[in-house]
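Need coordinates for the following:
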Amino acid sequence: MFFDIRTIIGALLGSYGAVLVITSLVQDSAVQEAKTGGIDVNLWAGLGMLGVAVVFIGWALLRPVQVPEVTAMTMEEFTPEP
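Purely as a prediction, here's the structure:
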């Protein structure tokens with residue numbers, strides 16, 4: 001399950017989202033708010049990324065990849081046609 005692409009994408013988006021949320025809480029600059037029209041873009045982008053990360057990880061947990069079972073072949077099944 002750890003090498004499933006949904007888990008990797010969810011972990012990356014979750015870590016980036018957490019960094020953005022922490023950045024928005026720690027760094028409150030009036031210059032940034034003036035550029036964006038009073039909206040805390042880091043907070044909203046971080047929360048959006050965390051939400052998408054939860055969806056991806058939930059999807060990977062609820063619908064895991066099913067690996068088909070491989071059976072051993074007998075010599076009769078393996079012999080090629082002449």
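
In contact with the residue positioned nearest the centre of the chain: list those residues for me.
Compute the mean C-alpha point of the chain, and by CA atoms, centre = their mean the closest residue is residue 10, 1.5 Å away. The contact partners of residue 10, taken as CB atoms under 8 Å, 6 or more residues apart in numbering, are 52, 53, 54, 55, 56, 57, 60. The C-beta positions use only the backbone N, C-alpha and C, and glycine is treated the same way.

Now render those as TSV, adding distance to residue 30 and secondary structure.
Written out in TSV, the entries for the contacts of residue 10 read as follows (distance: CB to CB, whole Å; DSSP: H, G, I helix; E, B strand; the rest coil):
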residue	distance to residue 30	secondary structure
52	29	helix
53	30	helix
54	32	helix
55	34	helix
56	35	helix
57	36	helix
60	41	helix
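
buried sites along whatever helix or strand the residue nearest to the centre of the chain lives in?
Under the assignment given by DSSP states H and E, the secondary-structure element containing residue 10 is helix 5-26. For helix 5-26, the buried set under the neighbour-count rule, 16 or more other CB atoms under 10 Å, comprises 6, 7, 9, 10, 13, 14, 17, 20, 21, 24.
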